[in-house]
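Asker: Predicted model and sequence below, questions to follow.
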Amino acid sequence: MSKAKSQTSRRPSRGTLLALKQQAERDYRDGSYDKADAGWLEIFESFPTQRSTASIFRARIARRQGRVDDAIDNYRAALEALPDHGEALRYVFGQYAAQGDIESASRLRDQLAAENPDSKGLAIAEAFIAQGRGQIDDMLAGLKAATGRWHDEVLHVQYIDGLRHAQRYDEALEAIDTALARFPDSVRLENRRAAAIRSLLSRAVADGERDLARIIHQTGYSGLESVV
């Protein structure tokens, strides 16, 4: 047998890849995370074109198991081929911000900037770095600008959540209405609208209800009438 034929015979087939993926997905659904991780690792090692996908799934498994560093490492491996992958970007930079590891976040941000200085991924990175530094106004300004540039529902959600955490509920409601105009069937945006209204209601009640009529009028939220 020739060397070329020998190499071909040892190369994993598409059928093998499909079988490995199906088994890894079943193991994940069944909660057999170690087996699922082993399956995705085999895919990573045997199929070079599947490495980004395998890294994403291995990161999700690591998150399930509470292995934060492994999740970061796998998401970063995915980002080498998919620098705008929203899930990977938000987890990695979110963890760096939560840990106060601005140095690691800045190094990865610089890497993204070198590859594409005008990318959605870079905008997400800048927002999380600002958050980690406690520069909330800068974070929100960056996210607001990003929502105007990219048609990305999750960017809108990130901006809205930032406004809610900053207790800027009026602005959050405006941002939600803007997002719903672009994504009218979004359940998570509707849920955030209801949550923001409830927060406004609680604040209005605490302030002596002087803002309650205005809130009802502006939002048209029928659930508030019973509280008046």
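Answerer: That came in fine, so what should we check first?

Asker: which helix is the longest one in the protein?
Answerer: Ranked by residue count and defined by DSSP state H, the top helix of the chain is helix 187-206.

Asker: what distance separates it from the centre of its chain?
Answerer: 22 Å (Cα atoms, centre = their mean, to the nearest Å).

Asker: now the helices: where do they sit in the chain?
Answerer: Under DSSP H, the chain gives helices at 3-10, 14-29, 33-46, 51-64, 68-79, 86-99, 102-115, 120-132, 136-149, 153-165, 169-182, 187-206, 212-219.

Asker: hmm, back to that, in the longest helix of the chain, which residues are buried?
Answerer: 189, 192-193, 195-197, 200-201, 204 (16 or more other Cβ atoms under 10 Å). C-beta here means a position set from N, CA and C on the backbone, and glycine is covered the same way.

Asker: Stretch 23-30 too?
Answerer: For stretch 23-30, by 16+ other Cβ under 10 Å, it's 23-24, 27-28.

Asker: and of the residues you listed, the nearest to Gly39?
Answerer: Distances from Gly39 to the buried residues of stretch 23-30, taken as Cβ to Cβ, are shortest for Ala24 (3.3 Å).

Asker: how about the closest one, what does it touch?
Answerer: 35-36, 39-40, 43, 57 (Cβ atoms under 8 Å, 6 or more residues apart in numbering).

Asker: looking at those, which has the most residues close by?
Answerer: Neighbour counts for those, by other Cβ atoms under 10 Å, peak at Trp40, which reaches 27 neighbours.
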